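Asker: Sequence unavailable; structure follows:
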């Protein structure tokens, strides 16, 4: 079983289209720091997201990092806690979308998966339709430019086994 720590954004964008359960199917358990749960449950969050945070699934575990390095100070609180926790528990993956946070994770030798990478893995496993899910995500507040989304879909659909190339994933 992979040890997976998630930041807010991948959870947020998988909850909105009702695809959050793919995380359990792909990873069995997901660990989130308290700041991520707070961000998901914020009053400004979409109702489906805040409801999910208030009664999170059993496969989600909340765990605080023991220490947050000052080198993470330029990130938001959820990202800082997620990276610190992932490093501390030697997670197999940290789920992040923010480009700056992803660079920090890579500098810490952490394996990163973003929302689209998770969706691609789930599509490869037969858990969802890649094109439909990306098109649904475009209807949310996810920052995904239409030309980029089409390029990612086209790249995904032309590769053997439907796995997008690394460079096609934002």
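Answerer: Yes, it's here. As the structure is a computational prediction, the values presented were derived from the model and not from experiment.

Asker: Which pLDDT value goes with residue 170?
Answerer: For residue 170, the pLDDT comes out at 42.

Asker: hang on, I meant residue 118
Answerer: pLDDT for residue 118: 94.

Asker: Same question for residue 140.
Answerer: At residue 140, pLDDT is 89.

Asker: Centre of the chain to stretch 29-45, how far?
Answerer: 12 Å (CA atoms, centre = their mean, to the nearest Å).

Asker: Which positions in it come out as buried?
Answerer: Across stretch 29-45, burial judged by 16 or more other CB atoms under 10 Å covers 30, 31, 32, 33, 35, 36, 37, 39, 40, 45. (C-beta placed from N, C-alpha, C; glycine too.)

Asker: could those go into TSV alongside pLDDT?
Answerer: What follows is the buried residues of stretch 29-45, written out as TSV (pLDDT from 0 to 100):
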residue	pLDDT
30	98
31	98
32	98
33	98
35	97
36	98
37	97
39	97
40	97
45	96
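
Asker: Most widely separated two among the residues you listed?
Answerer: 31 and 45 (19.9 Å; CB to CB).

Asker: Same list (the buried residues of stretch 29-45) but as TSV, adding distance to residue 86.
Answerer: Output for the buried residues of stretch 29-45, formatted as TSV (distance: CB to CB, whole Å):
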residue	distance to residue 86
30	11
31	8
32	11
33	9
35	13
36	12
37	16
39	16
40	17
45	23
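
Asker: closest to residue 56 among those?
Answerer: Residue 56 lies nearest to residue 37 out of the buried residues of stretch 29-45, by CB to CB, at 7.1 Å.

Asker: Please name the residues that touch the closest one.
Answerer: Residues near residue 37 by CB atoms under 8 Å, 6 or more residues apart in numbering: 53, 56, 62.

Asker: 10 Å instead, please
Answerer: If a contact means CB atoms under 10 Å, 6 or more residues apart in numbering, then residue 37 has 8, 11, 52, 53, 54, 56, 60, 62, 78, 81 as its contacts.

Asker: The last one: neighbouring residues, count only.
Answerer: Looking back up the chat, that one is residue 81. 26 (other CB atoms under 10 Å).

Asker: just checking, it touches residue 35?
Answerer: Yes: using CB atoms under 10 Å, residue 81 is in contact with residue 35, at 4.5 Å.

Asker: any common contacting residues for these two?
Answerer: Residues touching both residue 81 and residue 35 (CB under 10 Å, 6+ apart) are 7, 64, 65, 68.
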